[in-house]
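Engineer: Make a model of this:
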Amino acid sequence: MKKETFLRQLCRRLNRLKREERVQVIESFREMISDRIEEGLSEEEAVACLGTPKEAAQEILNGMPEEKLLKKDRLGPVLLILFLIAGGLSLFWAVRIRSHFPASVAVIGGADGPTSIFVAAKLGHAWGLYAAAVLLLLALAVHLWRRSRM
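Structural biologist: I've put the predicted structure just below:
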């Protein structure tokens, strides 16, 4: 594995650390890899000596006191699930329901008298559902942006 790939994966797995601490850890790993390369190892061998990014991250997180770790993100997945539900329902309403029921027609009368035909307009849009999907998407985007700045 290449050095930058290892460091990128390690950084992703250290998402429970604050940004400053994560940068320090990544820089120390970058220096360790560079030192081993200077000792004569190839880049892949130097990275292999450190184990996998998952193992390295687990060891670092286990060594950190609990108060230094960020809480696990529970809001992001909830917002994502709600957005997917609202977006799916909006799409279902827009494509499936509206295309099958474009208008309402009523026929009153019979063979022996006058016949009346009533035509109603197309079914309305589910603006509330569309708005909910957009608001959930915006909330998810803001949450992820704020989370990435920690």
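
Engineer: show me what contacts the residue lying closest to Lys2 once chain neighbours are set aside?
Structural biologist: In this structure, Lys2 finds its nearest non-sequential neighbour in Glu43, 6.3 Å apart by Cβ to Cβ, 6 or more residues apart in numbering. For the C-beta atoms, the positions are set from N, CA and C on the backbone; glycine is no exception. For Glu43, the contact set (Cβ atoms under 8 Å, 6 or more residues apart in numbering) comprises Lys2, Lys3, Ile33, Ile37.

Engineer: What is the burial count for the last one?
Structural biologist: Ile37 has 15 neighbours, counted by other Cβ atoms under 10 Å.

Engineer: can you check the second one too?
Structural biologist: A count of neighbours around Lys3, defined by other Cβ under 10 Å, yields 17.

Engineer: per-residue confidence at the residue sitting nearest the centre point of the chain?
Structural biologist: Centroid-nearest residue in the chain, with Cα atoms, centre = their mean: Leu80, separated by 6.1 Å. On pLDDT, Leu80 comes in at 80.

Engineer: same deal with the one 5 residues further on?
Structural biologist: Among the per-residue scores, Ile85 shows a pLDDT of 85.

Engineer: So for the lengthiest helix in the chain, what gets flagged as buried?
Structural biologist: Across the chain, the longest stretch assigned as helix under DSSP state H is helix 127-148. Neighbour-count burial for helix 127-148 flags Leu129, Tyr130, Ala132, Ala133, Leu136, Leu137, Leu140, His143 (criterion: 16 or more other Cβ atoms under 10 Å).

Engineer: so which of the residues you listed comes closest to Phe29?
Structural biologist: Using Cβ to Cβ, His143 is the member of the buried residues of helix 127-148 that sits closest to Phe29, with 28.5 Å.

Engineer: wait, doesn't that closest one sit right on Gly76?
Structural biologist: Yes. With contacts counted by Cβ atoms under 8 Å, His143 reaches Gly76, the gap being 5.6 Å.

Engineer: tell me the domain ranges of the chain?
Structural biologist: Listed domain ranges for the chain are 3-68, 75-148 (source: automatic domain parsing).

Engineer: Single out the most deeply packed of those domains.
Structural biologist: Scoring those by mean neighbour count under mean count of other Cβ atoms under 10 Å gives domain 3-68 as the most buried, with a mean of 14.
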